[in-house]
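**Q** sequence and predicted structure, then a few things I'm wondering about:
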Amino acid sequence: MTLRAGFLSLALSLPAAAGSPCATDAMLVFDGSASMSEIGFDIQDATRIEDARVALARSLPDVEVFRRIGLITYGPGGADACSGITLRFPPEPLAATRIIAEVEALRPNGLTPLSKAVERAAEVLNYRNQPAIVVLVTDGNETCGGTPCALSNRLVAQAADLTVHVIGFKASGDFFAWDSPEQTFGDDTVARCLADRTGGLFVSTDTVDALTEALRATLGCLIIGVGPSHGRDHG
């Protein structure tokens, strides 16, 4: 499913009842790779990480009432450029302040092992035995040899009820990447497979406002489909 900013209808006023789909635990998988420190063509633009911090600060206080949320980051902190996958904390209630602080302290570095990071998030959520939601925020493609499409097939085969939402933030594909074996010409990010094959949302965003709205949609409680065509909804 593809979701474009400006077509969301959300329930953001009341906490979800315990046991409802809107109370399913979630893991936010956040891109801290070196490219998140880049700016656009205008040297006065904010970096991607700076824009993402603003979007998190705007959206998370609205959505933390619905579900427990945890955080995994990837990029910095590893022994090499592809091993920096860090579980900041598993899902906890009212997690907005902690997530915002962790991302504020993040210093982008390393490459993009997004497949392994998403798999780690699913494991933290005990996805084989209970409903689980993973929200991946990435500014680009897998760059550590991972295979998101193959991973999505494995996850679906084993999951009790797993949904992976993918938010591409100013994402662009590297069509000559040797380290993204599933990449095909025209893909912004091959990670879209993770959303398409788990029934999640794929959201392409280029602005702070669009990223804010996408985070509210995927971590909040989405109540209706959006756009001219859509599949099943997820909370």
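**A** That came through, no problem. Residues are numbered from 1 along each chain as shown.

**Q** which SS state does the residue sitting nearest the centre point of the chain fall under?
**A** Centroid check for the chain by CA atoms, centre = their mean gives residue 136 as the closest residue, at 1.6 Å. Three states are possible here, and by DSSP: H, G, I helix; E, B strand; the rest coil the one that applies to residue 136 is strand.

**Q** shouldn't it be in contact with residue 168?
**A** No. Under the criterion of CB atoms under 8 Å, residue 136 lies out of contact with residue 168, with a separation of 9.0 Å. In short, each C-beta sits where N, CA and C put it, glycine included.

**Q** can you name the residues in contact with whichever helix in the chain runs longest?
**A** If you go by DSSP state H, the chain has its longest helix at helix 48-63. Outside of helix 48-63, the residues that reach it under the criterion CB atoms under 8 Å, 6 or more residues apart in numbering are 12, 30, 32, 35-39, 46, 69, 95-96, 99-100, 103-104, 106, 108, 137, 139, 169-170, 207-208, 211-213, 215-216, 219-221.

**Q** mind checking which of these are in strands?
**A** 30, 69, 137, 169 (DSSP state E).

**Q** identify, from the residues you listed, the entry nearest to residue 153.
**A** For the ones in strands among the contacts of helix 48-63, the residue nearest residue 153 by CB to CB is residue 137; the value is 22.4 Å.

**Q** what sits against the closest residue to that closest one other than its chain neighbours?
**A** Excluding its sequence neighbours, the residue lying closest to residue 137 (CB to CB, 6 or more residues apart in numbering) is residue 167, at 4.8 Å. Counting by CB under 8 Å, 6+ apart, residue 167 makes contact with 135, 136, 137, 138, 203, 205, 211, 214, 215, 218.

**Q** what's the distance between the third one and residue 71?
**A** To tie it back to what came earlier, the one meant is residue 137. Taking CB to CB, to the nearest Å as the criterion, residue 137 is separated from residue 71 by 11 Å.

**Q** repeat for the fourth one
**A** Using CB to CB, residue 138 is found at 15 Å from residue 71.

**Q** repeat for residue 115
**A** The spacing between residue 115 and residue 71, counted by CB to CB, is 18 Å.

**Q** who has more neighbours out of the two?
**A** Applying other CB atoms under 10 Å to residue 115 and residue 71 shows that residue 115 carries more neighbours, namely 26 against 23.

**Q** element containing the more buried one, please.
**A** Assigned by DSSP states H and E, residue 115 belongs to helix 114-124.

**Q** could you give me the buried positions within that helix?
**A** Residues 114, 115, 116, 117, 118, 119, 120, 121, 122, 124 are the ones in helix 114-124 that count as buried (16 or more other CB atoms under 10 Å).

**Q** mind pulling up the pLDDT for the fourth one?
**A** The per-residue pLDDT reported for residue 117 equals 98.
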